[in-house]
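# Attaching a predicted model along with its sequence, questions to come.
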Amino acid sequence: MSRSTALLPLFLLSTAAFAHDHDHLAHQAAGAAPAQAASPRSPAERNAIVTAALPEDQAAMKAHVMFLASDAMAGREAGTRDYDIAAQYVAAQFYAAGLRPGGDDGGYLQKVPLVAYNVADQGSAMWTPAGGQARELVFGEDFVPSPVPNAKETSLSAPVVFVGYGIDAPQYGLSDYKGVDVRGKIVAFVPGTPEGLGGEERAFFGSAGNKASLAAARGAVGAVQIDMPRAGGRQRPFAALARYYNAPRVTWANPDGTAHAMTPSTPVLGTLSQAGAAKLFGQGWGAVVKAAANPKPAYKPLMPKGQLTVASKTSFKPMDSGNVIGLIPGSDPRLKDEVVVLSAHLDHIGTNKGGDGDRINNGALDNAIGIASLIEEAKRFKTAATPPKRTVMFLAVTAEEKGLVGSDYFANHPTVPLKSIVADVNLDMPILTYKFEDMVVFGADRSTLGPIVRKAVGAMGLPVSPDPMPEEGIFVRSDHFRFVQKGIPSVFLWPGQKGPGKAAVEDFMNHRYHRPGDEIDQGIDWSQGPRFVSVNYAIAREIADAPERPVWNKGDYFGTLYKGLMAAK
């Protein structure tokens, strides 16, 4: 699971991958917690755990994880041969399960042209006040550039407008653009969000890329962030931004070899320090600093007279990968052309660079067990007494850890008509180290998928619990959100935190998440695997057989923003 908003500095949150950019090199550069080795065991002790006898359904799930999370896969990093082998394994399992190929050229694989990109030099930035002399913004002291995904060279000169948080959402009482004309200008905004937003909205609006999208919709030609004190624990010091300014990021490639950009006409150009912002905004900047000291800052727009000029170069390196796609055709003449997608990411973060001991991030729970669930769910559909009425797609995506890239590529290059996709149910990193007593369903309250989910979970005798970590904004940070961005209702299920769940989740996140300790012998309760598959199967089956396709609840923010089908009342 991508957790970049908790791990990456703000300058890495690019327009290509917004709040989800999770390139592993950047993750290391950003000062993430050091890897923690798994508890030492002798080979015999480890083999006793790995080869312990299990019931057939549990053993089937474990067998997939044994392969995908083995040291031989070296962490399944997207763009490597190790990932490609894992993809071929999943393709073979889809074939064995009787799925029809849903990829390119009649096969199971969809080629995803990845590209790594980074700032090629320190670039330059100048501020020229009206009627005055140009002043250099010093690299590493005043300004740090960001790579521009879709351009090898960038040169932009325009007036600057400070727009506070850079959020325009009147329904939440946020109107930073009210009375401000940013057409043809560069917007400058502070990181983070004001207090009072829900976790999902906070994660969404806190993204630099999404702020750039809001600016682009209002005619801005560029954007810069401003390093601010008290922006939140996820912000890295400006000195760290300068030190790792050229850390690579990954997205999918345009035909010319440049990188896909979410806002191609409004790039995020870089980050201003406090000193750099003071050079631009002069005396007015003191009022911003004063406002920032308040628990609930209220920023006013600033429009200094002058021009900001930024020039930079971006380099690109291709690195191909692929999604794996299998299909069960629908059986109903009226509904068979509609598609329910079940998604899970196949990639993980590879190996750590340097250090002693175990350096392989095996990714057993993140997300080999999600892929195992996907394969076993496919088997349930194929062995069911009746086939589903709608077509069901099983989608294993690449490069989730690099910013939901594989799912983004699929959403922009679907192998079925996009309008035919009615829903996505995402399987990402279920922490199955305990017997779960409830479930959390991210996105359930946003569409008519909610009642379907509650029915399926309730049939297992389990309650649906509210998000126990709203501050993490998980709904916008996994592959299902790429479908949301296309207006498609989507949900993402996790075992809940009742009973032993809270301690188990905290233990995993603090000690094994994105570390070598996420291995098959970490204490996985394999009896929970079939339970997790069962509830996801019930949800997907209900969607596949329902007489009507899911719609967004009337007025839902994301459904409205992305123009999805909306409930009438």
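Nice, I can see it. Not measured: the values here are computed from a predicted model.
# From residue 366, how far off is residue 434?
The gap separating residue 434 from residue 366 is 16 Å, by Cβ to Cβ, to the nearest Å. C-betas here are computed from N, CA, C, even on glycine.
# Which one of those two is surrounded by more residues?
residue 366 (28 against 21; other Cβ atoms under 10 Å).
# Spit out the contact partners of residue 272.
Residue 272 makes contacts with 137, 142, 143, 188, 224, 225, 226, 227, 280, as judged by Cβ atoms under 8 Å, 6 or more residues apart in numbering.
# In helices only, show me those.
Applying DSSP state H to these, the entries found in helices are residue 280.
# The contacts of residue 272 into a markdown table, with extra columns for pLDDT, distance to residue 516 and neighbour count?
Shown next, in a markdown table, are those (pLDDT from 0 to 100; distance: Cβ to Cβ, whole Å; neighbours: other Cβ atoms under 10 Å):
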| residue | pLDDT | distance to residue 516 | neighbour count |
| --- | --- | --- | --- |
| 137 | 97 | 41 | 23 |
| 142 | 96 | 40 | 22 |
| 143 | 96 | 37 | 33 |
| 188 | 97 | 41 | 26 |
| 224 | 97 | 38 | 28 |
| 225 | 95 | 33 | 27 |
| 226 | 95 | 37 | 23 |
| 227 | 92 | 33 | 25 |
| 280 | 95 | 45 | 26 |
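# ok, the contacts of residue 272 vs residue 346, which is closest?
Residue 346 lies nearest to residue 225 out of the contacts of residue 272, by Cβ to Cβ, at 32.4 Å.
# Residue 390 versus that closest one, what's the distance?
43 Å.
# Please apply the same query to residue 123.
50 Å.
# pull the helix or strand with minimum mean pLDDT from the chain.
Lowest on mean pLDDT, DSSP states H and E among the helices and strands of the chain sits helix 24-29, with a mean of 36.
# helices and strands around the following helix or strand past that helix, which ones?
Counting by DSSP states H and E, the next helix or strand C-terminal to helix 24-29 is helix 43-50. On a contact count with 3 or more Cβ pairs under 8 Å, 6 or more residues apart in numbering; DSSP states H and E, helix 43-50 meets no helix or strand.
# Rounded mean pLDDT for helix 43-50, please.
Averaging pLDDT along helix 43-50 yields 93.
# swap in stretch 154-161?
97.
# Show residues contacting it.
Contacts for stretch 154-161 (Cβ under 8 Å, 6+ apart): 148, 180, 182, 184-188, 220-222, 224, 267, 269, 280, 301-314.
# ditto for stretch 495-510
For stretch 495-510, using Cβ under 8 Å, 6+ apart, the contacting residues are 365, 430-440, 462-463, 465, 468, 518, 528, 532.
# starting at the chain centroid, how far to it?
Here stretch 495-510 shows a centroid-to-chain-centroid distance of 22 Å under the convention Cα atoms, centre = their mean, to the nearest Å.
# Stretch 240-257 now?
Put simply, stretch 240-257 sits 16 Å off its chain's centre (Cα atoms, centre = their mean).
# ok, now stretch 524-534?
The mean C-alpha position of stretch 524-534 is separated from the chain mean by 25 Å, Cα atoms, centre = their mean.
# Return the set of buried residues in that stretch.
524, 525, 526, 528, 529, 530, 531, 532, 533, 534 (16 or more other Cβ atoms under 10 Å).
# cool, stretch 546-559 as well?
For stretch 546-559, by 16+ other Cβ under 10 Å, it's 546, 549, 550, 551, 552, 553, 556, 557, 558, 559.
# Once you drop chain neighbours, what's closest to the first one?
Just to be clear, that refers to residue 546. residue 452 (7.4 Å; Cβ to Cβ, 6 or more residues apart in numbering).
# And for the third one?
Among residues not flanking residue 550 along the chain, residue 489 sits closest, at 4.3 Å (Cβ to Cβ, 6+ apart).
# hmm, back to that, write a PyMOL command that selects only the buried members of the contacts of stretch 154-161.
PyMOL command restricting the contacts of stretch 154-161 to the buried ones, with burial defined by 16+ other Cβ under 10 Å:
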select buried, resi 148+180+182+185+186+187+188+220+221+222+224+267+269+280+301+302+303+304+306+307+308+309+310+311+312+313+314
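# I figured the residue nearest to residue 550 hits residue 558, correct?
No - under the criterion of Cβ atoms under 8 Å, residue 489 is not in contact with residue 558, lying 9.4 Å apart.
# correct me, but residue 515 touches residue 363?
No - between residue 515 and residue 363 there is no contact, the gap being 10.0 Å when judged by Cβ under 8 Å.
# so where's the stretch 151-300 of the chain shaky on pLDDT?
229-236 (pLDDT under 70).
# let me redo that: the stretch 451-569 of the chain
Judged by pLDDT under 70, no stretch of the stretch 451-569 of the chain qualifies at all.
# quick one, helices of it?
480-484, 501-511, 528-545, 557-561 (DSSP state H, counting those that start in this stretch).
# Residue 44 is nearest to which of those helices?
helix 501-511 (23.9 Å).
# which of the residues in the closest one are buried?
501, 504, 505, 507, 508, 509.
# Can you pick out the most distant pair from these?
501 and 509 (12.1 Å).
# Show the residue spans covered by the strands in the stretch 351-500 of the chain.
391-397, 421-426, 439-442, 464-465, 490-495 (DSSP state E, counting those that start in this stretch).
# a markdown table please, covering the ones you listed and showing mean neighbour count.
Output for the strands of the stretch 351-500 of the chain, formatted as a markdown table (neighbours: other Cβ atoms under 10 Å):
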| stretch | mean neighbour count |
| --- | --- |
| strand 391-397 | 28 |
| strand 421-426 | 27 |
| strand 439-442 | 25 |
| strand 464-465 | 18 |
| strand 490-495 | 26 |
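# Out of those, which gets nearest to residue 380?
Residue 380 sits nearest to strand 391-397 of all the strands of the stretch 351-500 of the chain, at 10.5 Å, using Cβ to Cβ.
# now that closest one against helix 528-545, angle please.
Relative orientation of strand 391-397 and helix 528-545, computed by axes from the mean of the first three to the mean of the last three Cα atoms, to 10 degrees: 130 degrees.
# What's the biggest strand in the chain, counting residues?
strand 306-328 (DSSP state E).
# Between residue 123 and residue 390, point out the one with more neighbours.
Set residue 123 next to residue 390 and count neighbours by other Cβ under 10 Å: residue 390 wins out with 28 against 24.
# In contact with the more buried one, which residues?
330, 332, 335, 336, 338, 339, 340, 422, 543, 544, 545.
# Swap in 6 Å and give it another go.
Residue 390 makes contact with 330, 335, 338, 340, 544 under the criterion Cβ atoms under 6 Å, 6 or more residues apart in numbering.
# try residue 124
Here residue 124 is in contact with residue 311 (criterion: Cβ under 6 Å, 6+ apart).
# just the buried residues of helix 501-511 now: which is nearest residue 168?
Using Cβ to Cβ, residue 509 comes nearest to residue 168 of the buried residues of helix 501-511, at 33.4 Å.
# Give me the distance between the closest one and residue 469.
Residue 509 sits 9 Å away from residue 469, going by Cβ to Cβ.
# what's the answer for residue 284, then?
38 Å.
# neighbour count winner among the two?
The neighbour comparison of residue 284 against residue 469 (other Cβ under 10 Å) goes to residue 284, with 16 against 13.
# ok, and the closest non-adjacent residue to the more buried one?
Closest to residue 284 by Cβ to Cβ, 6+ apart is residue 302, at 4.7 Å.
# What does the one you found show for phi and psi?
phi -130, psi 130 (degrees, to the nearest 10).
# bridging residues for it?
Note on residue 302: beta-bridge partners by DSSP bridges are residue 162.
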